[in-house]
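> Prediction below, plus the sequence it came from.
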Amino acid sequence: MTAVLLSWSIALWLEGAAGLHTDSVVLAVVLTVTLARTQRTAAGRGRLTALVLLPAVAAVCALVGRLIAAHYWLGAAVFTAGISLAIWIRRYGPAATGAGTLITLPLVALLVVPGPTLPADARHALVNWAWSALIGVLAWSSVCLTQTLADRYGPRPAEADPARPRRASRLRPRPSTRMAVQMAAAVAASFALGRLLYDDHWPWLVLTAYVVASGNRGRTDVVRKGVERLVGACAGTLLATGVAAAGIGGHAAVAVLLAVLAVALWLRPLNYAYWAAGMTTALSLLLGYFGQDAASLLPTRLAAITVGAALSVSAAWWLLPVQERRPRRA
């Protein structure tokens, strides 16, 4: 959260100085939150790779966001291809896996930043590709500076997980290919149903489909994450509705949003449902900041989350399912 607050402060100043839209601040926060988890134990080479790759992908994703706003179906196809490619390249080892994660971060941020769902007359002020790249550098710098200082002056430096030997999978197609195909199917179906059933609220459905399908370890794992996502989203939406009903808005709502995000990060290791609840609450508060009524959209949000989870579970169960690893008997 120290890195998030640093990135948020600088992005907020940059927004006022350069006349940017609020989506630039949201992008900085989202990239910082997600990057901090992947870079906590990264070596120097991994950090340099992130510095090169993240701004470039952020710039491309800004163009993808505009493409979705102007040509929805074409933009959806490009997004689906990008999110699936980031999973497919895992077959080439840890370096490719790390690169795939960095590619995914701005794509997920695109679902959180409400650019494509804003009115047409407001889209001209959205952050462009150059500013997006700069914000990517800002997020990387905030994370790198904060974690370096924490390792040097903190009570205990971060320790990387011990490397585990990679075993060649006997599955054909490979697990990475299976997960990429499942992700493509779930996300593509979410884009289609999202536009047909929920109009401008399609990001809720697509984001849920991505979260449930990502890191697929088997059928049971996907079902568990789908349930946790749904339970957490219900709790988060109700909490955000209560905050809106209490009349909290403006700068106070931003303060509550950051506090909720901090608690969600703290509780995430205990259960994914806490993270889902916190993120849903933060998104609801964010959309309320942009003028959407959380209470009136409660049924729509929950229905979209349910459909998105169902699509990912269906893809994981029926489309090239990944076999779960079972412990060997002694």
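Ah, there it is.

> So Gly236 versus Ala209, what's the distance?
Gly236 is 17 Å from Ala209, where distance means Cβ to Cβ, to the nearest Å. Glycine gets a C-beta too; all of them are placed from N, C-alpha and C.

> out of these two, which sits in the busier spot?
The residue with more neighbours, out of Gly236 and Ala209, is Ala209; 34 against 27, by other Cβ atoms under 10 Å.

> all helices for the stretch 151-300 of the chain, in order.
175-198, 202-213, 219-245, 251-267, 272-289, 298-318 (DSSP state H, counting those that start in this stretch).

> what helices or strands is the fourth one leaning on?
Under the contact criterion of 3 or more Cβ pairs under 8 Å, 6 or more residues apart in numbering; DSSP states H and E, the helices and strands touching helix 251-267 comprise helix 2-18, helix 23-39, helix 219-245, helix 272-289.

> swap the cut-off to 6 Å and go again
Using 3 or more Cβ pairs under 6 Å, 6 or more residues apart in numbering; DSSP states H and E as the contact test, the elements touching helix 251-267 are helix 272-289.

> Tabulate the CA atom coordinates of the helix it packs on in PDB.
Once side chains and other backbone atoms are set aside, the C-alpha atoms of helix 272-289 remain, and they are given as PDB (Å, rounded to 0.1, in the frame of the first residue of the first chain):
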ATOM      1  CA  TYR A 272      -9.500 -15.500  -2.100                       C
ATOM      2  CA  ALA A 273     -13.100 -14.600  -1.100                       C
ATOM      3  CA  TYR A 274     -11.600 -11.700   0.900                       C
ATOM      4  CA  TRP A 275      -9.800 -10.300  -2.100                       C
ATOM      5  CA  ALA A 276     -12.900 -10.700  -4.300                       C
ATOM      6  CA  ALA A 277     -15.000  -8.900  -1.700                       C
ATOM      7  CA  GLY A 278     -12.400  -6.100  -1.400                       C
ATOM      8  CA  MET A 279     -12.000  -5.600  -5.100                       C
ATOM      9  CA  THR A 280     -15.700  -5.600  -5.800                       C
ATOM     10  CA  THR A 281     -16.200  -3.000  -3.000                       C
ATOM     11  CA  ALA A 282     -13.400  -0.900  -4.500                       C
ATOM     12  CA  LEU A 283     -14.900  -1.200  -8.000                       C
ATOM     13  CA  SER A 284     -18.300  -0.300  -6.800                       C
ATOM     14  CA  LEU A 285     -17.000   2.800  -5.000                       C
ATOM     15  CA  LEU A 286     -15.000   3.700  -8.100                       C
ATOM     16  CA  LEU A 287     -18.000   3.500 -10.300                       C
ATOM     17  CA  GLY A 288     -20.000   5.400  -7.800                       C
ATOM     18  CA  TYR A 289     -17.300   8.100  -8.000                       C
END
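
> So for that helix, mean pLDDT?
The average of the pLDDT scores along helix 272-289 is 77.

> Stretch 47-59 too?
Regarding stretch 47-59, the rounded mean pLDDT is 90.

> mind showing which ranges of the stretch 151-300 of the chain have poor pLDDT?
157-172, 290-295 (pLDDT under 70).
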